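J.: Predicted model and sequence below, questions to follow.
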Amino acid sequence: MRLKVTFESVSGDDLLLPLHYNQVLQALFYNTLSEEIAKQLHTQGFPFEKRRFKLFVYSRIQERAKHDERGLLRFGPTITLYFSSPVLDLIQDFGTNLFTKSEALVWHQKVKLSSLEVVAPPQITNAVLVRMLSPCTIYSTKVIEGKRQVYYYRPYEEQFSMLVRANAIKKYKAFLSMRGDSFDSGRIDNMKLSMIPANFSIKRNEKMVYFKDTVIRAYTGVFQLSGDTELLWITYEAGLGDKNSQGFGMWDVYKTREETGKGGALGA
């Protein structure tokens, strides 16, 4: 389930955020959840094999910001973003608490809920053109010059799509295990998923994002997703690639300017 959430500054002033604000939005999500659910999600997540998946993802703020003289992002008095998870109890708890809590904090600024909308899921076929609502990242640990280092793959590298597929398979199995569903692991291992750049350039779409003390290389842009609908669905609900719970990998169906109308923002 995906929610579109708009917050409004209680004071009516513009909202200020640091340039790298992923952690601010993650804190907003956890602080809105019920205490027990937030603690379980943060400490345990949804384990599968050696991994613990959070199974939620969120977008960048949809409004454009201006840079102020201190290097901060100055938004208007309202901000809009999307939260998504295939775990209905999780997203319903978040939505319910948004209604019941009168105020929340966004980087020490008081905000209140302006609007909350359940987003109708798109018709997902086995091939769809998508745009990233938050940049996608995928990585592995390599030995480079005798040292173990994290290597972030670029979308033009063959391993990028391969690792995105492997990640989606694990997330789908973690989701089924969480529900207690029996499943054919071999059948799921043979499912297909590919992610190919469509409207994309390294210069325009490569983003270096700081999360706590880590620099993460990630990519916005428009991509062609194709494969089994189950894997496409889990990536829509829980995110593409790695670090979804840190604000990476949310996508939506891409629309042209003609489809969105004159005011439509591509955000590619």
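T.: Looks like it came in fine.
J.: Domain map for this protein?
T.: As given by automatic domain parsing, the domain ranges for the chain are 2-119, 127-260.
J.: If you count neighbours, what's buried in stretch 240-256?
T.: By neighbour count with 16 or more other CB atoms under 10 Å, stretch 240-256 contains the buried residues 240-252, 254. Where C-beta positions appear, they are placed from N, C-alpha and C, glycine not excepted.
J.: again with stretch 79-91
T.: Neighbour counts using 16+ other CB under 10 Å place 79, 80, 81, 82, 83, 84, 85, 86, 87, 90, 91 of stretch 79-91 among the buried residues.
J.: Could you dump the domains of the chain into TSV with mean pLDDT added?
T.: Formatted as TSV, those follow (pLDDT from 0 to 100):
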stretch	mean pLDDT
domain 2-119	95
domain 127-260	94
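J.: so residue 116 makes contact with residue 98?
T.: Yes: using CB atoms under 8 Å, residue 116 makes contact with residue 98 at a distance of 5.8 Å.
J.: In terms of neighbours, single out the busier of the two.
T.: residue 98 (17 against 14; other CB atoms under 10 Å).
J.: Relative to residue 247, how far out is the residue nearest to that one when sequence neighbours are not counted?
T.: Spatially, and ignoring its direct neighbours in sequence, residue 98 is nearest to residue 113 (5.1 Å; CB to CB, 6 or more residues apart in numbering). Residue 113 sits 20 Å away from residue 247, going by CB to CB, to the nearest Å.
J.: and if you look at residue 162?
T.: Residue 162 sits 24 Å away from residue 247, going by CB to CB.
J.: What of residue 23?
T.: 8 Å.
J.: try residue 169
T.: 22 Å.
J.: cool, and residue 143?
T.: For residue 143, the distance to residue 247 - CB to CB - is 29 Å.
J.: next one: residue 166
T.: Look at residue 166 and residue 247: by CB to CB, they are 21 Å apart.
J.: I'd guess residue 224 is in a helix, am I close?
T.: No: counting by DSSP: H, G, I helix; E, B strand; the rest coil, residue 224 is not found in a helix; it is strand.
J.: how about the closest residue to it other than its chain neighbours, what does it touch?
T.: In space, and not counting its chain neighbours, residue 224 is closest to residue 196: 4.6 Å by CB to CB, 6+ apart. With contacts defined as CB atoms under 8 Å, 6 or more residues apart in numbering, residue 196 is in contact with 155, 161, 223, 224, 226.
J.: Could you do residue 142 as well?
T.: Residue 142 touches 148, 149, 150, 151, counting by CB under 8 Å, 6+ apart.
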